[in-house]
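Engineer: model this:
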Amino acid sequence: MERREGLSEREAGSSVGPGRSDRRQGWLTGRRLRVDRVGEPAATGRLVWGAVLAGVASGVLELGVFVARRDLWPVLSRQSVYWNQHVEWMTPAGSAVMAGVLGLVLGWLVRRWGLGAVGAALGGVMVLGPALAVPGIHPAAAVVLSAGSGWRMRGAWRRLLRWTRLERAGAVGLAALLGFGVWKYQERAGAEARAWTRPAAAAADAPNLIWIVLDTVRADRMSLYGYGRPTTPELERWAARGIVFDQARSAAPWTLPSHVTMLTGLWPFEHGARIDRPYRGRSPLVAEVMRERGYATAAVVANFECVNGCFGFRRGFDRYVDDEVNAEVSPRTILASCALGRCVLPALRKLGGAWRWPPRAHVKRAPEVFGLAREWLAERAEHGPKRPYFLFLNLMDAHGPYRPPEDWTRRFWTAEIPARVVETTPELGFRALRAVRTASAEERPARLAEMESAGRQLGDLYDECLAALDARLGAFLGELEARGELDQTWVVITSDHGEHFGEHGHFGHGSSLYDALVRVPLVIVPPLGGPYEDLRGRRVRELVSLRDLPATVADLVLKVGNGPFPGASLARTWNEREAGLDDPEPPIAQLAQQQIDAGDAVDGSMVRDVDAIFALGRALIRNRVNQDVLDELYDLEQDPAQQRNLAGDPTEAERLRELGRRLERRIKARE
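Structural biologist: Numbering: from 1, shown residues only. Presented below is the predicted three-dimensional model:
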């Protein structure tokens with residue numbers, strides 16, 4: 001007698017006729033299930049429902065991997081910056097869609113392959129998505145693992161596909177997923193609305209805070225700090241109404257660790273955030289503390305790659321806007337939320353840009369950032385006018401590529417803007433620098449001249465971008481002043497790091513701890529309607545670190561001393577009893593050898609472990625190369641360009657030893 005797929009020899013010889021059924025022990029549940037015994041392969045509809053269940057299971061398992069990566073085993077990748085805010089339901093939904101399409105295909109192939117092979121395929125699909133999501137597993141290894149797992153599960157899936165109630169179970173599972181998705185979507189969408197009704201612990205007259213980070217702006221390219229070109233006239237005007245810090249230092253020469261430090265008060269060696277590792281520490285961010293005290297909180301960031309919510313920056317914010325695609329709900333983002341969907345998106349890209357993944361990088365310029373800030377302030381005025389607020393803005397207009405706005409009247413670069421984008425990025429300098437390194441003795445002078453020319457070109461374009469940013473910043477603050485928004489608002493304006501234009505053989509950022517990268521602007525403007533006349537127009541010459549900004553906010557805005565933050569309030573610099581005293585915890589900066597950031601701003605070959613300390617009128621930069629320690633010592637006042645290394649000067653020996661002792665006491669041993 002001919003054996004039919006899915007039936008044993010005993011079942012094939014049974015007298016039970018077509019259309020009849022028997023009851024057998026169910027798989028997994030132990031219940032007696034009604035099993036089809038018609039001897040024919042399962043219907044296409046049943047296969048589709050089985051595939052949907054496999055997809056949902058795959059999505060749930062992949063979501064578990066995601067949670068482990070995010071919370072328990074925080075390892076990030078380039079894909080992490082596109083983690084959608086609705087990932088909890090979109091990952092299972094995307095997997096279910098992909099598996100459902102596969103079910104349609106398998107329904108056509110089942111007569112050729114047999115139910116066992118189809119079951120193996122569904123079992124493999126259930127494992128493939130989670131396997132692809134595990135960091136470090138090669139895609140080929142994930143395919144082999146899923147194929148083997150599917151083959152081991154083929155019997156179980158064959159029995160499940162012959163279960164006559166599979167369609168009903170699939171419908172229930174899909175309905176549960178849809179219900180969960182609607183609930184999570186409404187919860188996420190309504191979070192901001194609920195924030196306006198949250199009990200306000202802060203007094204109605206508590207001051208607001210607007211914190212603006214000018215990404216990649218170095219202090220010595222600003223006319224505010226004596227630069228020969230008028231690059232920041234608007235900021236000079238506002239600085240005259242507040243406090244200017246002449247010697248502020250960032251804790252790191254690139255965006256991610258610098259931002260974490262300035263928002264937590266933790267040094268880089270304490271918070272450990274890096275391009276593949278988010279901040280997950282217990283120490284709160286400024287936004288968390290302010291929201292606990294009843295503040296409405298919002299952030300709009302242009303640097304969506306390094307100030308992305310996936311790195312932990314979203315903590316404490318009612319609204320956090322990095323890349324709009326992370327809040328988008330569309331067929332594209334649903335598929336992109338699961339590993340199986342991301343496998344087919346490259347093919348779907350041929351259908352049009354709406355299916356492009358990863359999406360084309362969109363860096364918000366100042367008008368867009370300020371526009372989103374205005375929208376949020378308008379909502380606040382409508383829903384919670386009596387609630388104080390914290391607004392954080394990150395602006396990328398001075399970051400490469402240095403391409404001034406088309407409507408900007410240029411003053412420093414009068415030629416045409418280079419058509420090739422690479423000629424407006426640090427990559428132009430990297431190429432010139434590599435040419436110098438490989439040049440013969442005869443060629444070297446010409447190559448050095450080319451490198452200097454590249455530095456001038458990039459510097460001129462950078463100055464144009466900075467001037468345009470300054471104009472837009474001044475217009476935004478002027479608009480807020482005209483509306484009375486700044487009468488009760490503290491404004492903090494700073495930068496996360498600077499930029500190299502050939503100094504010390506460097507371009508871009510993230511590769512040194514010279515002042516070109518870590519000396520940054522810092523301006524604090526008190527509320528215009530408050531009794532702060534004694535602070536207006538003040539300049540502070542003491543060395544300070546951005547790591548003290550959280551404690552400063554707690555002191556000046558929240559009126560709670562330093563609050564839960566490490567460091568000390570910068571108010572000490574204008575307190576008559578403390579001003580001028582040597583800081584017992586002077587600024588430090590750190591750079592760890594790692595892949596900093598893919599793109600045009602970092603030459604990874606030049607990144608090494610470097611630590612720096614700024615005290616006693618000197619900057620000690622300690623380079624760690626393999627087992628060697630190479631020190632550089634510079635006079636901060638007499639040698640601001642850091643051209644003369646005093647590390648070998650006998651008259652500086654004692655100062656060098658003292659700074660070295662202070663630095664080593666402050667920095668923990670690297671792992």
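
Engineer: Now residue 611. Its backbone dihedrals?
Structural biologist: Dihedral pair for residue 611: phi -130, psi 150, per degrees, to the nearest 10.

Engineer: Okay, and the beta partners of it?
Structural biologist: As for beta bridges, residue 611 partners with residue 590, residue 622 under DSSP bridges.

Engineer: Wait, it touches residue 589, no?
Structural biologist: Yes: between residue 611 and residue 589 there is a contact at 7.4 Å, judged by Cβ atoms under 8 Å. Placement of C-beta: from N, CA and C, glycine included.

Engineer: quick one: which of these two has more around it?
Structural biologist: More neighbours surround residue 589 than the other of residue 611 and residue 589, with 32 against 23 (other Cβ atoms under 10 Å).

Engineer: For that one, give me its contacts.
Structural biologist: The contact partners of residue 589, taken as Cβ atoms under 8 Å, 6 or more residues apart in numbering, are 249, 250, 251, 252, 253, 513, 518, 611, 612, 614.

Engineer: Including secondary structure and distance to residue 275, could these go into JSON lines?
Structural biologist: Formatted as JSON lines, these follow (DSSP: H, G, I helix; E, B strand; the rest coil; distance: Cβ to Cβ, whole Å):
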{"residue": "249", "secondary structure": "strand", "distance to residue 275": "22"}
{"residue": "250", "secondary structure": "coil", "distance to residue 275": "17"}
{"residue": "251", "secondary structure": "coil", "distance to residue 275": "16"}
{"residue": "252", "secondary structure": "coil", "distance to residue 275": "12"}
{"residue": "253", "secondary structure": "coil", "distance to residue 275": "14"}
{"residue": "513", "secondary structure": "coil", "distance to residue 275": "18"}
{"residue": "518", "secondary structure": "helix", "distance to residue 275": "19"}
{"residue": "611", "secondary structure": "strand", "distance to residue 275": "19"}
{"residue": "612", "secondary structure": "strand", "distance to residue 275": "21"}
{"residue": "614", "secondary structure": "strand", "distance to residue 275": "25"}
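
Engineer: Can you tell me which of those lies closest to residue 182?
Structural biologist: Sorting these by distance to residue 182 puts residue 252 at the head of the list, at 42.4 Å, by Cβ to Cβ.

Engineer: that older thread, now the buried members of the contacts of residue 589.
Structural biologist: Those of the contacts of residue 589 that meet the buried threshold are 249, 250, 251, 252, 253, 513, 518, 611, 612, 614, by 16 or more other Cβ atoms under 10 Å.

Engineer: Please tabulate those residues in a markdown table, including the columns distance to residue 181 and pLDDT.
Structural biologist: Below are these laid out as a markdown table (distance: Cβ to Cβ, whole Å; pLDDT from 0 to 100):
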| residue | distance to residue 181 | pLDDT |
| --- | --- | --- |
| 249 | 47 | 98 |
| 250 | 42 | 98 |
| 251 | 41 | 97 |
| 252 | 39 | 96 |
| 253 | 43 | 96 |
| 513 | 48 | 96 |
| 518 | 46 | 98 |
| 611 | 48 | 95 |
| 612 | 50 | 97 |
| 614 | 52 | 97 |
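
Engineer: Nearest to residue 373 among the residues you listed?
Structural biologist: Using Cβ to Cβ, the buried ones among the contacts of residue 589 come closest to residue 373 at residue 250, 23.3 Å.

Engineer: pLDDT weak spots in the stretch 551-671 of the chain?
Structural biologist: Applying pLDDT under 70 to the stretch 551-671 of the chain flags residues 576-584, 593-607, 668-671.

Engineer: With that, I have no additional questions.
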